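Novice: Build me a model from this:
(4 chains)
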There are 2 protein chains.
Amino acid sequence: MPKYPHIKATLKARLLAGKYREGEPIPSESQVASEFKVSRMTARRAVDELEREGYVYRVQGAGSYPTGKRFRQGVFRIRSLEELALELPDQPLPFTKVLKAGISTATPKVSDALRIAPNTAILEIIRLRGLGDLPVLLEKRFLKLEQTEALLKTDLRVESLHDTLVGTLGLSISRVEQTLETANLEHENAKLLELPIGTSAFLMKRISFFGDLPLAYTRYWVRSDRRAFVSVFEP
Amino acid sequence: MPKYPHIKATLKARLLAGKYREGEPIPSESQVASEFKVSRMTARRAVDELEREGYVYRVQGAGSYPTGKRFRQGVFRIRSLEELALELPDQPLPFTKVLKAGISTATPKVSDALRIAPNTAILEIIRLRGLGDLPVLLEKRFLKLEQTEALLKTDLRVESLHDTLVGTLGLSISRVEQTLETANLEHENAKLLELPIGTSAFLMKRISFFGDLPLAYTRYWVRSDRRAFVSVFEP
DNA sequence: GAGTGGTCTAGACCACTCG
DNA sequence: GAGTGGTCTAGACCACTCG
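Specialist: Numbering: from 1, shown residues only, chains lettered A, B, ... in the order given. Coordinates of the predicted model:
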């Protein structure tokens, strides 16, 4: 039997019981190692997992502290269409329809997200993706023209355009910021997703950075009835 | 400079460029170690992170394989009210209002989630939580009576009732399953969250397991305009 | 049986925090 | 300067996969 799960469980139980005060460090990795008679690396592994689960945070040189605030927070993962398909009885095939791919000018929201002047020429790609003949999500993507124009020469029906940017075009994405909201679907988007106007859907916004600058801004509308977000936690 | 980020980046670039075929293992940890002239533990750390980010999956005894399917998927974390407050200019105080706490009978949906007979007596707790005087989320929680009745004697205005179950009542939660959907708010819930009827909101459903059996079923309606879900990724 | 990932050890050096 | 977390090494033994 591995040793670190026991150490992790013991520390977690103490944290949940409030045995470590907020603002004060929990025992150091060396102390944990001697208490449980293991090497520091093994003690560290237990604390590693507590950190990843949000129970503690670490400060180099100072110690590890109970999080308190970030306690017990759910994490959701977006599932790919392929993964969703596996769950359905008839395992429908994913499809991608390219509705638009060309040059347009930045609206205020887009120029704001990309930090460029309004009305600058940009690359705009709109895709509808789904399973079988059911639409699941609508993507509207706005990209800085100079670095990404070559995208137009690639197959835009691939699952992830992000991978094309990184793999084929060789752009190294330094950071991705994304937020998740909900939205009442407006007429055009509702029609494409085959839902009544006003239906509630996920709205995900994503900005990809190339170096310090935004490179791409994408909005995704995702049908909520397709079990796109699921998570299971084993504490 | 640490060595593992370089190894990780190199492997990731190869994966994105398609240099490793799906269904075939990437080089073993020992091979990576000799290629980059590091110990196996350092090579392993690089692969660890690739696994956590979903680029590869491992099979003990067989090897590590490119994921393909699960590629590049976003993860969202629910933020606590405290964390949200830190972002706002006036740093409003979180509040919790207990709207109901008592015994009721299970509706079909609830008995289904808890795997009990319909109309069984259960514990029902409804809370409204928010920041300053703005409501942010509504919680409706249904619990198996025998194990959780002691909850009624505790302070129900704490941030996390889950922590009370685990910490004070000493119930060990073996698993948490949660799904995230969106919903158009119905009249009563809309009124409590101070939004027009039909407004789109998050609907999170969570089932907590005690051993193999469901112990608690909770539905959360969360206002979408409060930036509850955010994630930043540094690839 | 050879190779793989999973875990662990007992050390080491470093950057960092804190009084 | 003492203590902390961050990284790394060179080994070791194990459970597991696969031909």
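Novice: Which per-residue confidence value corresponds to the residue in chain A that DNA strand C sits nearest to?
Specialist: Scanning chain A for the residue nearest DNA strand C gives A:Gly61, at 2.3 Å (criterion: C-beta to the nearest atom of the strand). Bear in mind the C-beta positions are built from the backbone N, C-alpha and C, glycine included. Among the per-residue scores, A:Gly61 shows a pLDDT of 91.
Novice: Please tell me how far it sits from A:Pro25.
Specialist: Distance of A:Gly61 to A:Pro25, given as C-beta to C-beta, to the nearest Å: 11 Å.
Novice: which of these two has more neighbours?
Specialist: Between A:Gly61 and A:Pro25, counting by other C-beta atoms under 10 Å in any protein chain shown, A:Pro25 is the more crowded of the two (16 against 5).
Novice: do stretch A:121-133 and chain B meet?
Specialist: No. Contact between stretch A:121-133 and chain B, assessed by C-beta under 8 Å from any C-beta of the partner chain, is absent, since the two come no nearer than 13.9 Å.
Novice: got the buried residues for that stretch?
Specialist: The neighbour-count check on stretch A:121-133 (16 or more other C-beta atoms under 10 Å in any protein chain shown) flags A:Ile122, A:Leu123, A:Glu124, A:Ile125, A:Ile126, A:Arg127, A:Leu128, A:Arg129, A:Gly130, A:Leu131 as buried.
Novice: Using PDB, write out every CA atom in it.
Specialist: Provided in PDB are the C-alpha atoms of stretch A:121-133 (Å, rounded to 0.1, in the frame of the first residue of the first chain):
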ATOM      1  CA  ALA A 121      -9.300  44.200 -40.200                       C
ATOM      2  CA  ILE A 122      -9.500  40.800 -38.500                       C
ATOM      3  CA  LEU A 123     -10.100  37.100 -39.400                       C
ATOM      4  CA  GLU A 124     -13.500  35.900 -38.400                       C
ATOM      5  CA  ILE A 125     -14.500  32.200 -38.300                       C
ATOM      6  CA  ILE A 126     -17.900  31.000 -37.400                       C
ATOM      7  CA  ARG A 127     -18.500  27.300 -36.900                       C
ATOM      8  CA  LEU A 128     -21.500  25.200 -35.900                       C
ATOM      9  CA  ARG A 129     -20.600  21.800 -34.300                       C
ATOM     10  CA  GLY A 130     -22.700  19.000 -33.100                       C
ATOM     11  CA  LEU A 131     -23.400  15.300 -33.000                       C
ATOM     12  CA  GLY A 132     -25.200  13.300 -35.600                       C
ATOM     13  CA  ASP A 133     -27.700  15.900 -36.900                       C
END
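Novice: Break chain A down into its structural domains.
Specialist: Domain segmentation of chain A under automatic domain parsing yields A:4-66, A:81-223.
Novice: do you know which of those domains lies nearest B:Ala9?
Specialist: B:Ala9 lies closest to domain A:81-223 among the domains of chain A, at 8.7 Å (C-beta to C-beta).
Novice: Just give me how far that closest one sits from the chain centre.
Specialist: How far domain A:81-223 lies from its chain's middle: 14 Å, per C-alpha atoms, centre = their mean, to the nearest Å.
Novice: repeat for stretch A:37-50
Specialist: The offset between the C-alpha centroid of stretch A:37-50 and the centroid of the whole chain comes to 28 Å, using C-alpha atoms, centre = their mean.
Novice: quick one: buried residues of that stretch?
Specialist: When burial is assessed from 16+ other C-beta under 10 Å, stretch A:37-50 yields the following buried residues: A:Val38, A:Thr42, A:Ala43, A:Arg44, A:Arg45, A:Ala46, A:Val47, A:Asp48, A:Glu49, A:Leu50.
Novice: Please list which of those also come close to DNA strand D.
Specialist: Among these, the residues that sit close to DNA strand D (C-beta under 7 Å from any atom of the strand) are A:Arg44.
Novice: Looking at the buried residues of stretch A:37-50, which is nearest DNA strand D?
Specialist: For DNA strand D, the closest of those turns out to be A:Arg44, at 5.7 Å, with distances computed as C-beta to the nearest atom of the strand.
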